[in-house]
Structure formats: C-alpha cells, structure tokens
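Participant: Mind looking at a prediction? Sequence and model below.
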Amino acid sequence: MKLGYAVLTLAAFLAAAGTGAAAVTSEAPACRALAAHLDAAPPGPVFLASYPGAPLGPLHETAFLYDNAAAAIALIGCGEAGKARRIGEAILAVLDRDRFWHDGRLRNAYAAGTVGPGSARLPGWWDQEKNIWVEDRYQVGSDNGNMAWAMLALLALDRATGETVWRDGAARIGHWVAGFGDDHGPGGFRGGTFSHEPSPEALSWKSTEHNTDLFAAFATLYAATGDAVWKARADHARSFVDSLWLGTHFGAGAAEDGITPNPFLALDAQIWPALAVPGVAARHGEAIQTALARLAEKDGYAYGEAKGGAWTEGTAQAALLMALWNKDAVAGNLLHKIAEQRAPDGYYFAAPAGQIPTGFMLQTDPAKPRLYFHLPHLGATAWAALAQTGFNPFTGTHALPGPDAN
C-alpha cells in the first residue's frame, strides 16, 4: 500500500483504526542487534554508546539517556528483560553516584560503557587547540523528557520483574521533575535544566513531547503505587498536551514564557500522544493525518516541516502506530523502508544519507542547526525494535492506551 493512505478522509482513517498487536520475537533484526551490543559489553551495569564509532567530539562514546532508556524498553518488548536490566541497573547506579547532584535528577548523557564504583563518568573530549577537557553543556544538563524516559524504562522493568526497586527509582526521578510544574497558562512541566553544576540554567519553555512522556510516566507510577499524587501530576502534564491542539495538529510546545504556543509541526508530537494518551486518537486523529501528509519523504517521514530527508526513528514510530491500528500494509511498507537503513553493525542509521534537519537549533550553539546524521544510532535501533515487535513503550504492552476515562 502506498503512503497516499495518509490522505484518506479523517472519518475513514478513524473507522479503520484498531488496537492491533504484533508478536513478541527476539529474532527481530533490531532485537538481535541490541542484544548483541549488550553481550559485547563487559559484565555489569552498562550504558550503550548512542553513535558507536562516532568521531572525536560531542557524539564520541556518548550514551544519551533517552536512547538507552528506549533500548531498555525495546529489549523488554523483545523478550530480553534480563539484558534490559543491565541498562536499568546503570540508571539506578548513576542516580546515587553523580559527582554533584543527589536530588533525583539524571544527566542527559553519560560516558558509554560499564558503570563502576565512584562518580558516574560523563562524556567529553580533549580539545587539542585549547588543551582542555570539554563537556557538552546539553549533555550535562537534565531535560525532563529524558527524565520521563528513564522513569518509563525503570517502570517497564518493574512490570517485567516484579521487583519494586525499579519503581522506587522512578519515583525518585519523578519527585525531582515535579519541581518543574507550572500553573501559568496551559500548565504542564517546564523543560528542565541546561549546563553545568552548581547553577545550571532553568529552562522555562515547555514541550508537547516532554509532557506526553511525563503523562505516561506519572500515570504508570499511579497504576503501580495507587498514590494519588502521581495521578495529579499525570493530569497536569496531560492538560498541557491537550492545550497544544491547534485544530489540525499538536504544536511543538510553548515558548519561553511557558504560554505562547509554538505551532511547529513535529512528527513525534503527533505520534506520541496517540501512543500514550487515552482518547487522543478518537479526539485528534487528524494530527496523524496531517503529519503523514505533510511530512512524507520517499524513505519514510521527516522530523518536521524542515524536511530534508527521512528520519529513521520517526518512521519507526509511525510504523508502530500503524501496526497497533491494524494497518498492516502501511506498517509493513514502513518497516521495509526502515530495513533499508540497517548498518553493517546491525544498528540502524539515524538518517538515510548525509544529514537531515530538525528545524530546531542547538542549545549549545543557537547559530547551528540541530541535525541527525548518517550514523548507526541506538535510538533509531530501539524504535526499529519497538516497531518490529509491536511493543508500545508508553503502555508497556502490545496495544494502545485504553479508552479515555475523563
């Protein structure tokens, strides 16, 4: 089936939607790649490099928290909870071993490799010209979307193992994130922090993606603990996501004032609410129709309206949603396109060739665009595994969220 499916009428689109599921299989190619990379690492808690083989600089031997959290959840979907717990153990370890913070926050990235005794290693590189050790200011900060994904990974391990240590760790992170709740405008949670201790910059903007993640994490904590404080926090995040509905799609978030909507069309800000939030597909299915129509590329879907090429990770997200909606022909077509991006090491390239834009600028250098490169990427591989197994990282099941209770 061609990607022209995206131009079906909204009524037909929603009438065709279901709650399908794919079979669990550790034999999915992306599952095998994740397992192989973990098996190749020395024993113990471990963070996997997000871009193995990246040249010296900000991506070299850097393990982004989000990529590792997504990989842990994907491994559980692959039936490999024993391997996933190694990443979970690394997350718990660095909660206690930060060189400065001991308040429940995590960093956006860590040095790849096993987590041994002593302070958690942060990524960085030696600047030959300046003759100094350099750390990326984004990587040492704490975005709340990344905190939410770490929570989701720990809660997935809680479900898989029944060991409450995982939910306890998730709760520690969640209590820190709660400090970023904001009652101004549409509510929700602000972005987190940027740059080094002891006085990182507080980020005042709000992200639809982050608040979607936080809704799922807080709602899962509520389901696991019965503590109503988590439900209140989930509702607070959800209210922000709902407020960003702009008639045809969800805006990317709110500006620095935390109130003014950013109308930018980003793929994940459309797909993730449908995967995570009960009732979104029924109320706002046009968001998916808009995204698939306006962001289509020959190899899949772009990150946003800057386009410039297919984003492997986002194309896998679309494939997962289509699979869970029982749109098997569409999902299969997308999975075929994703398979073309498989690298020699088994991982999947972040972009088909060269580099693709996101439409956003780097926090570390606002004059430079934020890009995805033609490099094997842990995050893209994790989402490929989720799509290949039909495993929803927000619900921890092979299904969409249940009906809206509100």
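Facilitator: All right, it came through fine.

Participant: Contacts for stretch 341-348 next, please.
Facilitator: Contacts to stretch 341-348, defined as CB atoms under 8 Å, 6 or more residues apart in numbering, come from residues 29-30, 32-33, 36-37, 52-53, 299, 312, 316, 338, 349, 352, 376-378, 380-381, 384. (Glycine included, C-beta is placed from N, CA and C.)

Participant: distance between the ends of it?
Facilitator: In terms of CA to CA, to the nearest Å, the two terminal residues of stretch 341-348 are separated by 5 Å.

Participant: Number of residues surrounding residue 56?
Facilitator: Using other CB atoms under 10 Å, the number of residues around residue 56 comes to 11.

Participant: quick thing: my sequence starts at 30, can you match it?
Facilitator: Let's use 30 as the start, then, which means that last one is residue 85.

Participant: doesn't residue 154 make contact with it?
Facilitator: Yes - checked against CB atoms under 8 Å, the pair residue 85 and residue 154 is within contact range at 5.4 Å.

Participant: Any regions of the protein where pLDDT drops low?
Facilitator: Filtered on pLDDT under 70, the chain yields the residue ranges 30-55, 434-435.

Participant: which stretches of it form helices?
Facilitator: Under the criterion DSSP state H, helices of the chain are mapped to 39-45, 58-69, 94-106, 110-125, 173-190, 194-207, 237-254, 257-272, 297-305, 309-313, 315-323, 341-353, 357-368, 407-418.

Participant: Tabulate those (JSON lines), appending mean neighbour count.
Facilitator: Below are those laid out as JSON lines (neighbours: other CB atoms under 10 Å):
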{"stretch": "helix 39-45", "mean neighbour count": "13"}
{"stretch": "helix 58-69", "mean neighbour count": "19"}
{"stretch": "helix 94-106", "mean neighbour count": "28"}
{"stretch": "helix 110-125", "mean neighbour count": "21"}
{"stretch": "helix 173-190", "mean neighbour count": "26"}
{"stretch": "helix 194-207", "mean neighbour count": "21"}
{"stretch": "helix 237-254", "mean neighbour count": "26"}
{"stretch": "helix 257-272", "mean neighbour count": "20"}
{"stretch": "helix 297-305", "mean neighbour count": "26"}
{"stretch": "helix 309-313", "mean neighbour count": "20"}
{"stretch": "helix 315-323", "mean neighbour count": "21"}
{"stretch": "helix 341-353", "mean neighbour count": "27"}
{"stretch": "helix 357-368", "mean neighbour count": "19"}
{"stretch": "helix 407-418", "mean neighbour count": "29"}
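
Participant: In CSV, list those along with distance to residue 279.
Facilitator: Shown next, in CSV, are those (distance: least, CB to CB, whole Å):
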stretch, distance to residue 279
helix 39-45, 15
helix 58-69, 27
helix 94-106, 20
helix 110-125, 29
helix 173-190, 15
helix 194-207, 21
helix 237-254, 5
helix 257-272, 7
helix 297-305, 5
helix 309-313, 7
helix 315-323, 6
helix 341-353, 14
helix 357-368, 21
helix 407-418, 19
